[in-house]
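Peer 1: Need a 3D model of the following:
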Amino acid sequence: MSVALLQLEKHYRERDLRARTWKSNGGKVVGYFGETVPVEMIAAAGFLPYRLSGNHAAPVTHLGKHYFPYADKSVPGSRVMSLEFVNSMLDMLLSGAYDFVDYLVIPNSRKAILAIHSHLTAARAADPGLRMPELYILDRTITSSYVSSEYNRARIFEFKEQLERWSGRGLTNEALEHYIALYNENRSLLGKIDGLRTKFSPVLSGVQALHAYGAAKFIPVEEHSSLLRHVIDEAADFPPRAGARVFVTGSPLDYTDLYERIEEGGATVVSENHSWGMRCAGRTVDTDCAPMDAIADAYHKTPGCTTYPLAESVRACTERALESKSSVAVFFVYRHDDAQVFDTPDEIAALVAVGIESVYLSEQPYRFDYTQQSAEKIRNLLDDAAPSANA
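Peer 2: Sure thing, here's the model as predicted:
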């Protein structure tokens, strides 16, 4: 096994390891949710950008103590408070699991994420001794209009001012240009990593790819790029993989359990369309204009969990599946994930129209539960796909 791949897996599984070292060495950490926050700005301000994730294997134990007793009685039963992966992250914030995070950027990416701001504010008001990071809302509209682009641009310039207040110094064009170049290079390297599993004979598994993509959110970009270069250099010695080529889409998968189940029979997850996969490396920032203008433009154009119009979401999903030469698709959607309610039926229909059959696993728990019914659906799908994959 490649040493670099093992290091990526280590950082994927021990997600706070590097951030705690950074903190112990005197650095500060800016946490964030989702895929739309401009990490170039955070790094250029001297902070370590760190994407928060949940822990699907751990029970939620602190919401009952720090939030629900003080909340409106209607809230705990609402769909906003029913997304388990969001509740897991909120619970970890309340428990102190993220005590190394100094500042927390909360983007307007989905209602349940935005609601974290009010949940934490209410908890802190009820318990002033509760330790948590300083909060900041990064607002954003999802439409592609000129008015929306101007609104989003203004929010990015406000975010620059906030980072300057946190760091106590100006955020220079030179620093921004430096980190734009580093992150653009990193995304290019991730594209090459992606090519190792989308090629005709994949040499990288979907699990290994998720390790590479996920680790990018937890360690400094320079260190991550160095590990990616080693993997790319060593790839010629990796054995090829056979079996069905699988496309995974749906809710954000911040763990590898589903991929492991799909691949344990020899299939390969060659691509995906969720925010912890290759989609997070899909954008680059323009280097031919002023850095803040370029970042603002990229921020406006970066797709979040909801894409407008719907046809654009369907197009992007279909394009990724076709480019990866996927033979089948697995739609995996958490229960109460309303962001997927409108997209999924049209995406399934679009994939069928181009010859890609799929299985739809809906209302899934965040704490992975691979039921016999789900296992049988995937096994039947892969059995049907195997002949064409090996043809």
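Peer 1: Just confirm residue 335 contacts residue 367, I think it does.
Peer 2: No: look at residue 335 against residue 367 with Cβ atoms under 8 Å: they stay out of range, at 11.2 Å. Any C-beta I mention is one placed from the backbone N, CA and C, and that applies to glycine too.
Peer 1: ok, these two, which is more surrounded?
Peer 2: When residue 335 and residue 367 are compared for neighbours, residue 367 comes out ahead with 17 against 14, by other Cβ atoms under 10 Å.
Peer 1: Surely the more buried one is within a helix?
Peer 2: No: Residue 367 sits outside any helix when classified using DSSP: H, G, I helix; E, B strand; the rest coil, being coil.
Peer 1: per-residue confidence at it?
Peer 2: pLDDT, residue 367: 84.
Peer 1: Tell me how many other residues surround the closest residue to it other than its chain neighbours.
Peer 2: Distances taken as Cβ to Cβ, 6 or more residues apart in numbering place residue 56 nearest to residue 367, at 5.1 Å, with adjacent residues excluded. Neighbourhood size, residue 56 [other Cβ under 10 Å]: 17.
Peer 1: Residue 364 is in contact with residue 56, correct?
Peer 2: No: using Cβ under 8 Å, residue 56 is not in contact with residue 364, being 10.7 Å away.
Peer 1: Can you pull the residues that touch both of residue 335 and residue 367?
Peer 2: residue 84 (Cβ atoms under 8 Å, 6 or more residues apart in numbering).
Peer 1: For residue 27, give me its contacts.
Peer 2: 46-48.
Peer 1: mind listing the strands for the chain?
Peer 2: Using DSSP state E, the strands of the chain run over residues 29-32, 48-51, 103-107, 134-138, 245-250, 268-273, 328-334, 357-364.
Peer 1: could you check the angle strand 245-250 makes with the biggest helix by length in the chain?
Peer 2: Assignment by DSSP state H gives helix 173-198 as the longest helix of the chain. Put simply, helix 173-198 runs at 130 degrees to strand 245-250, going by axes from the mean of the first three to the mean of the last three Cα atoms, to 10 degrees.
Peer 1: now for helix 173-198, which elements pack on it?
Peer 2: Helix 173-198 is packed against helix 39-44, helix 206-215, helix 221-234, strand 268-273, helix 291-301, with contacts defined by 3 or more Cβ pairs under 8 Å, 6 or more residues apart in numbering; DSSP states H and E.
Peer 1: mind listing what's buried in the second one?
Peer 2: Of the residues in helix 206-215, those buried under the neighbour-count criterion (16 or more other Cβ atoms under 10 Å) are 206-215.
Peer 1: Nearest to residue 289 among those residues?
Peer 2: residue 213 (27.7 Å; Cβ to Cβ).
Peer 1: got the contact list for that closest one?
Peer 2: Per Cβ under 8 Å, 6+ apart, neighbours of residue 213: 190, 193, 276-278, 280-281.
Peer 1: Ok, residue 182 next?
Peer 2: Per Cβ under 8 Å, 6+ apart, neighbours of residue 182: 43, 221-222, 225.
Peer 1: Try it again at 7 Å.
Peer 2: 221-222 (Cβ atoms under 7 Å, 6 or more residues apart in numbering).
Peer 1: With residue 321 instead?
Peer 2: 247, 271, 329, 351, 356.
Peer 1: Which of the contacts of residue 213 scores worst on pLDDT?
Peer 2: residue 280 (69).
Peer 1: excluding its backbone neighbours, what's nearest residue 166?
Peer 2: residue 103 (5.7 Å).
Peer 1: repeat for residue 295
Peer 2: residue 38 (5.1 Å).
Peer 1: again with residue 83
Peer 2: residue 112 (4.5 Å).
Peer 1: so that neighbour touches residue 86, yeah?
Peer 2: Yes: between residue 112 and residue 86 there is a contact at 4.3 Å, judged by Cβ atoms under 7 Å.
Peer 1: And the contacts of stretch 162-174?
Peer 2: The contact list for stretch 162-174, computed with Cβ under 7 Å, 6+ apart, reads 41-42, 44-46, 103, 136, 160, 291.
Peer 1: what does the average pLDDT come to for stretch 10-29?
Peer 2: 98.
Peer 1: end-to-end on it?
Peer 2: End-to-end distance for stretch 10-29: 20 Å, by Cα to Cα, to the nearest Å.
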